[in-house]
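Colleague: Provide a 3D model corresponding to the input given below.
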Amino acid sequence: MDRVQSVSPQQSAPARDGRPAGTGQDGNPGGRRAAAQRQQMRQDLATAAMELFASQGYEETTVDQIAAAAGVARRTFFRYFRSKEEAIFPDHDDTLVRVADLLASAEPEEHPLDVVCRGINEVLRMYASTPAVSVARYQLIRQVPALREREIAVVARYERLFTRYLLGRFDTAGEIPSGWQRGGEDDSMLAEVSAAAVVAAHNHVLRRWLRAGGRGDVEAQLDHSFEVIRRTFWASSAPGARRRGTVVAPGASGTEAEAATASALSASPGGEVLITVARTDAPLDVVVNAVRAALEGAKQA
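Modeller: Alright, predicted model coming up:
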């Protein structure tokens with residue numbers, strides 16, 4: 001893998017707020033132009049890299065070839081990326097900053113899980129904005145183990161960001177949204193599990209869309225997945241909502257919801273652990289129904 005031996009912080013290291021260095025964060029016209037030019041060059045290099053990877057293979061492509069195809073020198077490439085591997089994921093740094101800004105600016109009255117769902121939607125839109133590139137990248141990543149590892153690391157960054165946000169909402173003094181009760185010593189676990197659920201739903205929908213060639217309304221598919229998760233595992237943000245963690249069947253009446261809440265709260269702490277297995281391409285509602293059936297079967301055993 002091509003890597004530069006020594007790169008100065010001014011060339012490639014991100015700024016402390018997560019934005020790439022030199023992107024003109026002061027908001028003046030010159031800074032905005034510089035940021036736009038930098039973003040365009042990153043895209044040009046990434047496009048050249050993807051075309052070469054597709055035509056001659058990832059391992060066979062060198063940084064020199066990528067730079068030449070983009071019409072720049074080798075040292076210019078290393079101002080924007082530390083390796084050819086990094087050129088496969090040119091948009092995630094900026095998207096991570098946008099998501100962090102979205103979380104930071106969310107209204108305190110908004111349900112924390114709804115905020116996280118809005119955040120992961122920003123990631124989905126990044127992929128959906130260039131379907132052909134996203135599909136080509138997905139096909140390439142499936143063939144190269146090093147790129148799969150890199151993708152896992154990228155996903156983990158979003159998951160950590162969401163977990164920190166949820167933990168921060170737990171720690172905030174004063175009133176918190178109805179339906180989002182503090183869980184005491186379980187806070188860190190609940191924040192991690194919730195963040196993982198949102199990211200897993202996004203990844204499930206995204207992979208299904210990419211395998212279909214980038215066709216279909218992927219944002220609507222993700223919204224549907226969030227609704228399945230909300231009504232199954234999460235408390236509603238509406239007043240009088242059931243407690244977090246209660247499982248209520250879709251379409252359940254208010255009386256049924258109250259009964260489910262009482263059942264969940266009276267569960268024995270010595271209850272057994274149930275593990276289920278599902279295919280990654282199974283629809284979320286099918287997975288949820290399988291879990292529910294398994295739980296019912298365990299109770300009757």
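Colleague: which residues does Leu161 contact?
Modeller: Leu161 makes contacts with Leu96, Val99, Ala100, Leu103, Gly119, as judged by C-beta atoms under 8 Å, 6 or more residues apart in numbering. The way it works is simple: take the backbone N, C-alpha and C, and place the C-beta from them, glycine included.
Colleague: for the host helix or strand of it, what is the average pLDDT?
Modeller: Assessed by DSSP states H and E, Leu161 sits inside helix 145-171. Helix 145-171 carries an average pLDDT of 89.
Colleague: which intervals of the stretch 101-250 of the chain have sub-threshold pLDDT?
Modeller: 171-185, 233-250 (pLDDT under 70).
Colleague: Which parts of it are strands?
Modeller: Assigned by DSSP state E, counting those that start in this stretch, the stretch 101-250 of the chain shows no strands.
Colleague: if we can go back for a sec, now the contacts of Leu161 in TSV, with neighbour count and distance to Gln40?
Modeller: Putting the contacts of Leu161 into TSV (neighbours: other C-beta atoms under 10 Å; distance: C-beta to C-beta, whole Å) gives the following:
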residue	neighbour count	distance to Gln40
Leu96	20	20
Val99	25	22
Ala100	18	23
Leu103	20	27
Gly119	25	26
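Colleague: Turn those residues into TSV, columns for distance to Tyr58.
Modeller: TSV is the format used below for the contacts of Leu161 (distance: C-beta to C-beta, whole Å):
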residue	distance to Tyr58
Leu96	24
Val99	28
Ala100	30
Leu103	34
Gly119	31
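Colleague: Now the two most distant members of those residues.
Modeller: Maximum pairwise distance among the contacts of Leu161 (C-beta to C-beta): 10.8 Å, between Leu96 and Leu103.
Colleague: Mind jotting down where the helices sit in the chain?
Modeller: 9-12, 29-56, 63-70, 74-80, 92-105, 112-128, 131-143, 145-171, 187-211, 218-233, 254-265, 284-300 (DSSP state H).
Colleague: nearest to Glu86, of those helices?
Modeller: Judging the helices of the chain by C-beta to C-beta, what sits closest to Glu86 is helix 145-171, at 7.8 Å.
Colleague: Enumerate the positions of that closest one that are buried.
Modeller: 147, 150-151, 154-155, 158-159, 161-163, 165-167, 169-170 (16 or more other C-beta atoms under 10 Å).
Colleague: would you put the C-alpha positions of stretch 40-48 in PDB?
Modeller: Presented in PDB, the C-alpha positions along stretch 40-48 are these (Å, rounded to 0.1, in the frame of the first residue of the first chain):
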ATOM      1  CA  GLN A  40     -13.200  19.700  -5.600                       C
ATOM      2  CA  MET A  41      -9.600  18.400  -5.600                       C
ATOM      3  CA  ARG A  42     -10.400  15.700  -3.100                       C
ATOM      4  CA  GLN A  43     -13.300  14.600  -5.300                       C
ATOM      5  CA  ASP A  44     -11.200  14.700  -8.500                       C
ATOM      6  CA  LEU A  45      -8.500  12.500  -6.800                       C
ATOM      7  CA  ALA A  46     -11.100  10.100  -5.400                       C
ATOM      8  CA  THR A  47     -12.800   9.800  -8.800                       C
ATOM      9  CA  ALA A  48      -9.500   9.100 -10.600                       C
END
